[in-house]
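Engineer: Just to be clear, the model below is a prediction. Sequence and coordinates:
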Amino acid sequence: MSPKTLYDKIWDAHLVHEDEDGTSLLYIDRHLVHEVTSPQAFEGLRMAGRKVRKPEMTIAVPDHNVPTTPDRVNGIENPESRIQVEALDTNAKDFGINYYPVSDIRQGIVHIIGPENGWTLPGMTIVCGDSHTATHGAFGALAHGIGTSEVEHVLATQTLIQTKSKNMKVEITGQLAPGVTAKDITLSVIGATGTAGGTGHVIEYCGEAIRSLSMEGRMTVCNMAIEGGARAGLIAPDEKTFEYVKGRAHAPKGAQWEAALAWWKTLFSDEDAHWDKVVTIRGEDIAPVVTWGTSPEDVLPITDVVPDPESFSGGKVDAARRALKYMGLEAGQKLSDIKIDTVFIGSCTNGRIEDLRAAAEIVKGKKIADGLRAMVVPGSGLVRAQAEEEGLADIFTDAGFEWRMAGCSMCLAMNPDQLAPGERCAATSNRNFEGRQGRGGRTHLMSPAMAAAAAVTGRLTDVRELMGEGEPA
Amino acid sequence: MDKFDKLTGIAAPLPIINVDTDMIIPKQFLKTIKREGLGKNLFDEMRFDDDGNENPDFVLNKPAYREAEILVAGDNFGCGSSREHAPWAIKDFGIRCVIAPSFADIFYNNCFKNGILPIPLPQEQVDLLMKDAEKGQNARMTIDLEKQEITTSDGQVITFEIDSFKKHCLLNGLDDIGLTLQKAAEIDSFESGLAQSRPWV
């Protein structure tokens, strides 16, 4: 048998039908659903008189529109947001799918609650009407975003029409230096390959630095595979993966666990597997980074300066000019001199417990800078509860952070958490597009530790300057 | 789904790389539970100022391009969010074909579900079409999907590649779900196998 990549193996295990031209029908093991990209799909089912083929494999949660203030129990004020969330309530009930309503402690960002509740398992195919579905690739699952028409297709048939992507290997060798995190890896990869560097490919992240990451860190890396243009990001499962999954609510138990484990252990890329593209980065070369522009590829080490648009070529010259104008920055300005108004710690990229621990370690015993607005938004109700139990919530509130309820929050401004025009934010989310966090809002992407450091100083800050200052966590 | 076979129309030039789906349709318009009506907010933050007045410099606000049916754009068009609201807005505005050096994967697939033809072409050919589009409303391009040809306003012909299944569906306006349900027996049989091979799923 010819050697296969991990992607090849998962693909083959889910192939229902393949046409001569390569158009394939792929079976979908888990379908995650949220309120923004699903109403038209459910409406389509109703109009055609169709059912959800596998309601037990379908999991829904409202996250994008929900306010993150405790008064949300009284209902959502914005009428359009309320209608969208109510539509999901109704659709979940009518079609009999698994559902975590706003009132459930397990509610949270769809890509956080999937792994947390054991829905996400190695070797699965997982889709969601959301591009950050790539997050689940951290478990060695083939996971990617789909559009609403495809959401309807999966609801009706439990399959997806696909053509196979190419195989791309991104290897991060060696070890990360202190202060460098999974977020710095994923941003640095995009900085190196560009936002279209992975287009047409599924990326497998490998190498010692990736192996050394926790499951939370691996999810951060895979989460932003889409920002590199890839259809999905994958990391082969290992003992850390199995340890994370074991005992979770929907993970297999007993004999089924043993059977599953035996198969999961075969999920790795064979030694001689063919790669269409290979990128290798030394872990030691990765620095704590921030974005300066309006594309996730606009990444530089925090010790650097805002680049000169003329230093680029092709369409990027105009794009960089436009970005600097939008961001209100001058070429040559030191990144660490950029003052901020807001700090946002949360999102499907960095809203997990380890992210909150990393941020808390930096702010412990300190106060946020004067006049700053800073918020921590846990990725789920369960993350929130755990953080409270570990005392992290107190560290944040003592420092002057707002401690919020779970949701997508300021990552995409579909709820009340938004930037005002011209407001500048240090954010742990995944997109710095124009208007992403609110019309005219200016976003700098970075790791939770870096965002915490920025909160303390009021400007973009090299987290290494603050490390070791606080009490041991 | 609406068919796409042949189109002759005005092409609007949008020479910006990395046009993301937040630009195409900003998040505040994603709160709809319908597919229609998004055209008026296509490129909203570029098309209108803070008070909702038209920005006269934006291409789709210029008299020559208000009726554009084709868009010629920069590399990596449609990157970012998976929102199908982006192709819905493009189509609702009246644009049925987007030409760019490359497209983001999810956006590209979403176009085909909505009767929109996305055409990736080498940069030099996009540059040529961009120049043609810049001539304004008298310059009409023709897109012939059957022949896989683009004809510029001065008669130059450029051929393009497209996946045969996607072409077939677009030409005939076929509904994917209907096609897949013809394979229901194969899905049933896959599921029976699954109960044996991966019962934990």
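Structural biologist: The structure has been received and is ready for your questions. Every value quoted in this text rests on a predicted model; they were computed, and no experiment measured them.

Engineer: What is the end-to-end distance of stretch A:338-354?
Structural biologist: End-to-end distance for stretch A:338-354: 27 Å, by C-alpha to C-alpha, to the nearest Å.

Engineer: Now do it, average pLDDT.
Structural biologist: Averaged across stretch A:338-354, pLDDT comes to 98.

Engineer: same thing with stretch A:357-376?
Structural biologist: Mean pLDDT, stretch A:357-376: 98.

Engineer: A:Val170 is in contact with A:Glu204, isn't it?
Structural biologist: Yes: between A:Val170 and A:Glu204 a contact is recorded at 7.2 Å, counting by C-beta atoms under 8 Å. Where you see a C-beta, it was placed from the backbone N, CA and C, and this is true even at glycine.

Engineer: per-residue pLDDT, A:Asp308?
Structural biologist: Note for A:Asp308: predicted pLDDT of 98.

Engineer: if we look at stretch B:168-175, which residues are touching it?
Structural biologist: When contacts are defined by C-beta atoms under 8 Å, 6 or more residues apart in numbering or on different chains, stretch B:168-175 is touched by residues B:Met1, B:Asp2, B:Lys3, B:Phe4, B:Asp5, B:Phe112, B:Gly115, B:Leu117, B:Leu145, B:Glu146, B:Asp176, B:Leu179.

Engineer: Quick check: which of the residues you listed are also close to chain A?
Structural biologist: B:Asp176, B:Leu179 (C-beta under 8 Å from any C-beta of the partner chain).

Engineer: Which of the contacts of stretch B:168-175 fall within strands?
Structural biologist: B:Leu117 (DSSP state E).

Engineer: top of the contacts of stretch B:168-175 by neighbour count?
Structural biologist: The residue in those with the most neighbours, by other C-beta atoms under 10 Å in any protein chain shown, is B:Phe112 (24 neighbours).

Engineer: Contact partners for that one?
Structural biologist: B:Pro118, B:Lys166, B:Cys169, B:Leu170.

Engineer: Verify the assumption that the second one is located in a strand.
Structural biologist: Same thing as B:Lys166. No: under the criterion used here (DSSP: H, G, I helix; E, B strand; the rest coil), B:Lys166 is helix, not part of a strand.

Engineer: and it, what does it touch?
Structural biologist: When contacts are counted by C-beta under 8 Å, 6+ apart, B:Lys166 touches B:Phe112.

Engineer: Which pair of the contacts of B:Phe112 spans the longest distance?
Structural biologist: Longest distance between any two of the contacts of B:Phe112 is 13.5 Å, between B:Pro118 and B:Cys169; criterion C-beta to C-beta.

Engineer: Enumerate the positions of stretch B:125-144 that are buried.
Structural biologist: Within stretch B:125-144, the residues scored as buried using 16 or more other C-beta atoms under 10 Å in any protein chain shown are B:125-126, B:128-130, B:132-133, B:135, B:137, B:139-144.

Engineer: Contact residues of the stretch 301-450 of chain A facing chain B?
Structural biologist: Taking C-beta under 8 Å from any C-beta as the contact definition, the stretch 301-450 of chain A meets chain B at A:314-316, A:318-319, A:322, A:412-414, A:421, A:431, A:433-436, A:439-440.

Engineer: which one of the buried residues of stretch B:125-144 is nearest B:Gln28?
Structural biologist: Scanning the buried residues of stretch B:125-144 for proximity to B:Gln28, where the rule is C-beta to C-beta, the winner is B:Ala133, at 29.2 Å.

Engineer: and B:Gly155, how many neighbours?
Structural biologist: The number of residues packed around B:Gly155, counting by other C-beta under 10 Å, is 7.

Engineer: Would you reformat the contacts of B:Phe112 as a markdown table and include distance to A:Pro62 and pLDDT?
Structural biologist: Listed next are the contacts of B:Phe112 as a markdown table, based on distance: C-beta to C-beta, whole Å; pLDDT from 0 to 100:
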| residue | distance to A:Pro62 | pLDDT |
| --- | --- | --- |
| B:Pro118 | 31 | 98 |
| B:Lys166 | 33 | 95 |
| B:Cys169 | 32 | 95 |
| B:Leu170 | 34 | 96 |
